[in-house]
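>>> Need coordinates for the following:
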Amino acid sequence: MKILHISDIHMDKTNNSRIAYKIKNALEEHSGKYNNLLKPDVLVVTGDFTCSSEPLEFQNALQQLHEIKSSLEIKHFVICPGNHDISWKDDAIDGDKKGNFKFVNYKNFVSSCKDEGILESNTSYTSKELNQLMAKRFMSYSYTEDDQYAVLIIGMNTDEMESEKRAGQGYFGQDQFDICKRLIDTFKKRLKMKKLVVITAFHHHVLPVASVERDTIEEPPKFSLTIDARRALDFFQTNKVDLVIHGHQHQPSLVSWRNSTKQGNLHIVHVSSVGSMTDKREKLSESNRNNFAIYDINHERIKVYYYQNSDDDWDIMEVTQNSPFQIRLSQSPRISHERIMNYVNQNDRWIKKADKMGPLSIKELVTNLIYNIDSDGSVPYEINNYSRYRTSCLATVLECLYDIQLLPLEDVKIMQNKLFKLKDEFIPKDKKIDDIIEKNNEDKPAWGIDEAPSVWTTSKALSALALTNYIPCSEEDKRALEESVIWLSNQAYDNLAQSGIGWGYQKYEKSEACSPNVPMSALAIKALCLCLNHQYVSGNNRQKILSAIKKGITYLDANKEEDATKCVWKYLNAENISVSIWALEAWKLSTTLIEDEFYYNTYHRIREKTLKYAIDNLPKEDDDNNLTECFFQATKEQGLKYKNNMKSDKNFFSFTPFIVSYLIRENNDYVNNENVISVVKWIVAHRNDSWLIPQDYNSNKPCTITVAMAINVIVNWLQQQSTMMLDKRIQDLLDFDFKKNEAEVSEK
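Presented below is the predicted three-dimensional model:
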């Protein structure tokens, strides 16, 4: 994207200016060397259109701007008022007096710009309320988006001093910073991990231009710095504004600024000013000439080209000798595969071989999966297929790798932010393959643009965020997260009479496949409990969700099958190991929130029965069918809520091997259980084909969800083994020292 920046035209009532001609001629003259600059996308004018804010002066100035726009085929304007564009005379001032101060009169500026359609806001991008606030402050903006980056240019107003004595002295005001921040946040939310280049434009200075600075306390009307310049610079740094552009002193300048006392914020603000484009030489100092700038922008850098009058001919403008200046932009955080692998190597030191399994290393297990994580944190559905990306895949990979401490904190945060933004925004890598679901209004808080909005995707996303200690970045994100938790709570079917409430894949009574079931209910209850524990919900909403959790446990209680030796839950009319463990896990989490002796005592009664049932019924390593059992199946004909978007039957993943991680954490004695070792051996034996279980995934490639779960099981088992061996060695050492000491005492 390219921006043409001019300022300080100072048009009078005669219109014999050659501004448009000089700019077009200058760009064409250098088109051989700088061909990409010939057609700028946006024209930014940073004030002082006129000499004295007369209507005819505005009319002539705007005619010049339209000639520039037309001759260079520019698409958009961004403009800001200068101190010469305001009426400061008593008889020109409209409105009431306020003490000895008078409201400045923008009448001619606003009416002229609106007649030309320049100040009209684009309501398709921002809220009506935000546009109204901008209109009141005479702010404008332009926004463009590309595959790799977007550019937001915000025109601000520094002519806010409502005093004749200080007419034209620069000032922003806090409310203008608030509006600017809301605008930046609005567009950042649209972009996920894509780079947003932010540019602010206004008239007055925020840094001195040393060669012509005449600012003194004795001459306040000549004071070019805004009164709140330091607050403005701090705001630009905090909100990661990349480039600040202005005019006013008719002097080109480029300065890089950073408040190094702000810990942790290394963002650099680049401040560019241009000279005047007036034909009135009396407006220029003896050493100064006409000047304008072109900013050539991509996602990595901004090239700044300054043009000025030739030494030989006033009508000829040349690129200055030291152009272009190159500004390196700070990049959005990206996943570093090398950083993760270095972290893996550090965690690999404690294991060179595994007892009963032969040589093995964590690096060997995770390398393929790590390099399938996209640079923005996305995770594809299948290994080595960089087109199909899913919420559930990212959630599972994040949760599984975080659990075994194989992700650096920087990469955890990138994946968390990506996962959070997938709720509202999803850019497909391949539009021909990736499904894009248009969510109904009632399902807006759910995850599932890339999958059907469902209890499944939302539970997985919320659980992963909570388990990795996600902290919302803003109050807006906090509210959005709370809305998602409330949405999940409201998806329960409440017509189950005395059997509490249960969740299905989606809340959709017309589909049998969406009927309440134990696995979906357990997933939802787990996510809700984790979200309450992390304070994602507050006030009355917290009490409502607690009530839903309690009713959900009632549903699980009503659907369990218990006798003297076992407790089990079913799915599709068959006892299911994974579902039983999920139900037990959800019940356990609820006991930290629900103060009810019945639920607490029942959990402790059924805990050992359920764990023992799961251990005793784990499939043997040669029993592939049981190791690949699914917990959810639905055909297109069964009519899911968003069935029109189903390209194939829904047939989700095997979780049976994954429950080993839960079992051995619940009881260390299970680490050396014969059935547990059998499952671990089965997982290790299948690692060469990356745990490909094609009959369960509508695919002939291994699924990243299965790979992540398999890695989690192996590393958890190895870590538990290592811990037990270390504990045994320490105990043996303690026992040895005790016996040795006892023998010495006996001898004495």
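>>> Which helix or strand contains K69?
In this structure, K69 is located in helix 55-71 according to DSSP states H and E.
>>> CA atoms only for the next helix or strand after that helix, dumped as PDB, please.
Tracing the chain C-terminally past helix 55-71 and defining elements by DSSP H and E, one meets strand 76-80 next. Provided in PDB are the C-alpha atoms of strand 76-80 (Å, rounded to 0.1, in the frame of the first residue of the first chain):
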ATOM      1  CA  HIS A  76      -9.300   7.500  -0.500                       C
ATOM      2  CA  PHE A  77      -8.800  10.700   1.400                       C
ATOM      3  CA  VAL A  78      -7.800  11.200   5.000                       C
ATOM      4  CA  ILE A  79      -7.700  14.800   6.100                       C
ATOM      5  CA  CYS A  80      -7.100  16.800   9.300                       C
END
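>>> Partner strands of strand 76-80, with direction?
The pairing partners recorded for strand 76-80 under DSSP bridges are strand 42-46 (parallel).
>>> any idea which element L611 lies in?
Under DSSP H and E, the secondary-structure element containing L611 is helix 597-616.
>>> what's in contact with that helix?
Taking contacts as C-beta atoms under 8 Å, 6 or more residues apart in numbering, the residues outside helix 597-616 that touch it are 550, 553, 557, 560, 562, 565-568, 577, 580-581, 583-584, 587-588, 590-591, 594, 659, 663, 666-667, 670, 673, 675-676. For every residue, glycine as well, the C-beta is placed using N, CA and C.
>>> Sort out for me which of those residues are in helices.
Of the contacts of helix 597-616, the ones assigned to helices by DSSP state H are 550, 553, 557, 577, 580-581, 583-584, 587-588, 590, 659, 663, 666, 675-676.
>>> Which of these are buried? Put it as a ChimeraX command.
With 16 or more other C-beta atoms under 10 Å as the criterion, this ChimeraX line picks the buried residues out of the ones in helices among the contacts of helix 597-616:
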select :550,553,557,577,580,581,583,584,587,590,659,663,666,675,676
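>>> The ones in helices among the contacts of helix 597-616: which two are farthest apart?
By the measure C-beta to C-beta, K550 and N675 form the most distant pair in the ones in helices among the contacts of helix 597-616, at 34.2 Å.
>>> Okay, now the unreliable bits of the stretch 501-650 of the chain?
Counting by pLDDT under 70, the low-confidence segments of the stretch 501-650 of the chain come to 621-639, 643-650.
>>> Now tell me which helix or strand of the chain has the poorest mean pLDDT.
Ranked by mean pLDDT, DSSP states H and E, the weakest helix or strand in the chain is strand 101-102, scoring a mean of 36.
>>> can you pull out the helices in the stretch 451-600 of the chain?
Shown for the stretch 451-600 of the chain, the helices assigned by DSSP state H, counting those that start in this stretch span residues 455-467, 475-490, 518-533, 539-558, 577-590, 597-616.
>>> Which positions within stretch 515-533 qualify as buried?
Applying a neighbour-count criterion of 16+ other C-beta under 10 Å, the buried positions in stretch 515-533 are 516-532.
>>> As PDB, could you dump the C-alpha coordinates of it?
Taking Å, rounded to 0.1, in the frame of the first residue of the first chain, the C-alpha atoms of stretch 515-533 are listed here in PDB:
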ATOM      1  CA  SER A 515     -29.900 -35.600  21.700                       C
ATOM      2  CA  PRO A 516     -28.400 -35.300  25.200                       C
ATOM      3  CA  ASN A 517     -25.600 -37.800  25.900                       C
ATOM      4  CA  VAL A 518     -23.000 -38.400  28.600                       C
ATOM      5  CA  PRO A 519     -19.800 -37.600  26.700                       C
ATOM      6  CA  MET A 520     -21.000 -34.100  25.600                       C
ATOM      7  CA  SER A 521     -22.500 -33.400  29.000                       C
ATOM      8  CA  ALA A 522     -19.200 -34.400  30.700                       C
ATOM      9  CA  LEU A 523     -17.200 -32.200  28.300                       C
ATOM     10  CA  ALA A 524     -19.500 -29.200  28.900                       C
ATOM     11  CA  ILE A 525     -19.500 -29.600  32.700                       C
ATOM     12  CA  LYS A 526     -15.700 -29.900  32.700                       C
ATOM     13  CA  ALA A 527     -15.300 -26.700  30.700                       C
ATOM     14  CA  LEU A 528     -17.800 -24.800  32.800                       C
ATOM     15  CA  CYS A 529     -16.100 -25.900  36.100                       C
ATOM     16  CA  LEU A 530     -12.700 -24.800  34.700                       C
ATOM     17  CA  CYS A 531     -14.000 -21.400  33.600                       C
ATOM     18  CA  LEU A 532     -15.500 -20.700  37.000                       C
ATOM     19  CA  ASN A 533     -12.300 -21.700  38.700                       C
END
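>>> sorry, back to before: output the helix holding L611 as CSV, restricted to C-alpha atoms.
C-alpha atoms of helix 597-616 as CSV (Å, rounded to 0.1, in the frame of the first residue of the first chain):
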residue,chain,number,x,y,z
GLU,A,597,-22.4,-33.6,50.7
PHE,A,598,-24.4,-35.9,48.4
TYR,A,599,-22.4,-35.0,45.3
TYR,A,600,-19.1,-35.0,47.3
ASN,A,601,-19.8,-38.4,49.0
THR,A,602,-21.1,-40.0,45.8
TYR,A,603,-17.9,-39.0,43.9
HIS,A,604,-15.7,-40.6,46.5
ARG,A,605,-17.8,-43.7,46.5
ILE,A,606,-17.7,-44.2,42.8
ARG,A,607,-14.1,-43.0,42.1
GLU,A,608,-12.2,-46.2,42.8
LYS,A,609,-15.0,-48.3,41.1
THR,A,610,-14.7,-46.2,37.9
LEU,A,611,-10.9,-46.2,37.8
LYS,A,612,-10.7,-49.9,38.4
TYR,A,613,-13.3,-50.6,35.7
ALA,A,614,-11.3,-48.5,33.3
ILE,A,615,-8.0,-50.2,34.2
ASP,A,616,-9.4,-53.7,34.0
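>>> Would you mark the buried spots in that helix?
Buried, per 16+ other C-beta under 10 Å, within helix 597-616: 599, 602-603, 606-607, 609-611, 613-615.
>>> What of stretch 367-386?
Judged by neighbour count using 16+ other C-beta under 10 Å, the buried positions of stretch 367-386 are 368-370, 372-374, 376-383, 385.
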